[in-house]
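1. Please work out how this folds:
(chains A and B)
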Amino acid sequence: MKEHIIGLIESAIAELKNNGTLHADTDPRVSVENTKDKSHGDYASNVALALAKSAGKNPRELAQLICTALPASDKLEKTEIAGPGFINFFMNSDSCFEVLNTIFTQSDRFGHSNVGAGKKVQVEFVSANPTGPLHVGHGRGAAYGASVADLLEAAGYDVHREYYVNDAGRQMNILAASVWLRYLELHGAKFQFPSNGYKGGYVVEVAEALKASFGDKFIHPIDAVFDNIPADEPQGGDKELHIDALIARCRELLTSEGYKQVFDQGLNEIVGDIRDDLAGFGVQYQQWFSEASLAEDVNRAIEKLQSAGHIYESEGALWFRSTDFGDDKDRVVCRDNGETTYFASDIAYHLNKFERGFEQVVNIWGADHHGYIARVKAALTALGIDENKLTVKLVQFAILYRGQERVQMSTRSGSFVTLRELREEVGNDAARFFYVTRKSEQHMDFDLELAKSESKDNPVYYIQYAHARICSVMRKLAEAEYQWTEKDGLAAIDALTLEQERDLATKLALYPEVLQAAAINHEPHQIANYLRELASDFHTYYNSNKVLVDEDAVRNARTALCMATKQVLLNGLKLLGVAAPSEM
RNA sequence: GCGCUCGUAGCUCAGUCGGAUAGAGCAACGGCCUUCUAAGCCGUGGGUCGUAGGUUCGAAUCCUACCGAGCGCGCCA
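-> All right, here's what the predicted structure looks like:
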């Protein structure tokens, strides 16, 4: 419809150019927007305002000229000039309810588009270190990323969802050592657990699984384990040196084969747990990408940068001159001990992404990683890849409240609130919805009490209830032994004469546009807000008008409007990963 | 100190490409169940869009400076 109006205006402008009213070179993009106020019609355009200056006419006069030059349209009831020179377009009733036919025809694909044109896009999200269960902070990235991916798919992109598993590096070694020490405890060893080790209860569970799989295989006398290990922090030593020495001892005593078994036990148990957790949250991936599998790519990436002249050596380390590409400082890619850095892996990973043929890459990161964007983009540019193909979306942390009271989270103590606990407490639907109801870069307060409440305060229930109400009407319709088909409904569409019916249909017609904007801007909250408005319009209508009236035409038409609403609610909720219950 | 993300009603937040009188929900107050689910609906009040300049027909939106909040600034991941 909007395109239709743009077309009308464009041909009007073309005509004004022909008769010399407008300069031939004036070629502004025609802007048509949805009106906020119904008295302004259904659509409005500001072309006259935008062109007034170059045409040397006042805006209202020019608007009048454009209006007279508009070709006739059977979709419009009238046009008006208003305010400083806006042109308002009023749709006629038929074109207003055309959308019902479209919705029935396209059903679960209503709102989908092909703006993505099958472009391959990768969405990488969550990617939390597999050193422990996901906590509530990861939940927001999970809900957001999953919805963004679904939105892009609905917009015609070929979407690949990926989780980058940080299965290399020091943190994982600390986990392996922690698992092994807990395993020794299970076999009766007594000692002070390292202050920098992973202390969460899940480590003990992994140790138990290790014991179940391998029995006594990894037992060593505790004196041998702690012999000549530098003191831990509580004993006046350095906690980093202490844990590093324990890792080295672990490798030494278990040999590389045994160490790998312990390491893999931890990795697999925890990745498995994360995978189950996310699956329970309705979040699925096409691929779980292992950092460790990049080993060769890392060297290749560094060599590539080297041959392009972007690497130099200093203080025994290899540095990437990222300052040439807008970064604050140069970055080490290979340490003086010969080990490559995490950043080097990340360069390789991003190179790998583009080598796999993704035309667009979307990374969803916690806001604390924002300092990383510049260097990754610098690396891409240095590798000859257009940095604009990478979009990084930052997700701010959610602060949990229980009513007025802030819920404290502390990772160190191991007593943090896990995503799983959150899901069990408030339910998947409320959690998914609440996480995406605010724009991602906005700080968010997450009130557990509100998310749990089954009342009108809770927007999730409000929207779901609208869907359930329509399902209920359909059950009543069947009980009353009325017959209804989409065809009957569409045939009776003239019976929709109320203003509220028109408002509701107009809102339905807006959905494809909202979906497209939400997809392009990676903003699922637009869907959440839209659904709330749609539910509100529906409740208003439903409350003041009976659907199942005796008169066949009115009943059939209203039922059609309800069914169309039901479809759009369902489509929208699905994109947010929220269920659409048929009764509540 | 430098950088990133922000600052909109008492609270939580929308506000799309710069458009008309800045919107929702909650909270507050007042109404509506004999009727398809009251998990709902209707109404009222509530604003210096952090501050000060600038850009223009027009600024919550764009630019600059400042104030305030959070985060980041490692040969950790």
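2. Could you export the helix or strand harbouring A:Val514 as CSV, CA atoms only?
-> For A:Val514, the element it lies in under DSSP states H and E is helix A:499-520. The C-alpha trace of helix A:499-520 is given here as CSV (Å, rounded to 0.1, in the frame of the first residue of the first chain):
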residue,chain,number,x,y,z
GLU,A,499,-14.0,2.2,13.4
GLN,A,500,-12.4,-0.3,15.8
GLU,A,501,-12.5,-3.0,13.1
ARG,A,502,-10.8,-0.7,10.7
ASP,A,503,-8.2,0.2,13.3
LEU,A,504,-7.5,-3.5,14.0
ALA,A,505,-7.1,-4.3,10.3
THR,A,506,-4.8,-1.3,9.8
LYS,A,507,-2.7,-2.6,12.7
LEU,A,508,-2.5,-6.0,11.1
ALA,A,509,-1.5,-4.5,7.8
LEU,A,510,1.4,-2.8,9.5
TYR,A,511,3.0,-6.1,10.6
PRO,A,512,5.1,-6.8,7.5
GLU,A,513,6.7,-3.4,7.7
VAL,A,514,7.4,-3.8,11.5
LEU,A,515,9.0,-7.2,10.9
GLN,A,516,11.1,-5.9,8.1
ALA,A,517,12.4,-3.0,10.1
ALA,A,518,13.0,-5.2,13.1
ALA,A,519,15.0,-7.6,11.0
ILE,A,520,17.1,-5.0,9.2
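3. And RNA strand B, is it touching that?
-> Yes: between helix A:499-520 and RNA strand B, judged by Cβ under 7 Å from any atom of the strand, the touching residues are A:513-514, A:517. In short, each C-beta sits where N, CA and C put it, glycine included.
4. Let's see if you can find the most crowded of the residues you listed.
-> By neighbour count, taken as other Cβ atoms under 10 Å, the most surrounded of the residues of helix A:499-520 next to RNA strand B turns out to be A:Val514 (21 neighbours).
5. re the thing from before, which secondary structure elements does the helix holding A:Val514 sit against?
-> Applying 3 or more Cβ pairs under 8 Å, 6 or more residues apart in numbering; DSSP states H and E, we find helix A:499-520 packed against helix A:93-106, helix A:136-154, helix A:525-544, helix A:552-576.
6. most packed of those helices?
-> Ranked by mean neighbour count under mean count of other Cβ atoms under 10 Å, those are led by helix A:136-154, which reaches a mean of 25.
7. what's the spacing between it and its chain's center?
-> Between the mean C-alpha point of helix A:136-154 and the mean C-alpha point of its chain there is a distance of 3 Å (Cα atoms, centre = their mean, to the nearest Å).
8. which is the next helix or strand following that helix?
-> strand A:158-165.
9. what does the very next helix or strand once past that next one contact?
-> Once strand A:158-165 ends, the next helix or strand along the chain (criterion: DSSP H and E) is helix A:170-186. Applying Cβ atoms under 8 Å, 6 or more residues apart in numbering, the contact partners of helix A:170-186 are A:129-132, A:166, A:191, A:193-194, A:196-199, A:203-204, A:206-208, A:210-211, A:218-220, A:222, A:225, A:243-244, A:246-247, A:250, A:254, A:259, A:262-263, A:265-267, A:270.
10. so what's A:Leu422 up against?
-> Listed by Cβ under 8 Å, 6+ apart, the contact set of A:Leu422 reads A:136, A:139, A:431, A:448.
11. mind redoing it with 7 Å?
-> A:136, A:139, A:431 (Cβ atoms under 7 Å, 6 or more residues apart in numbering).
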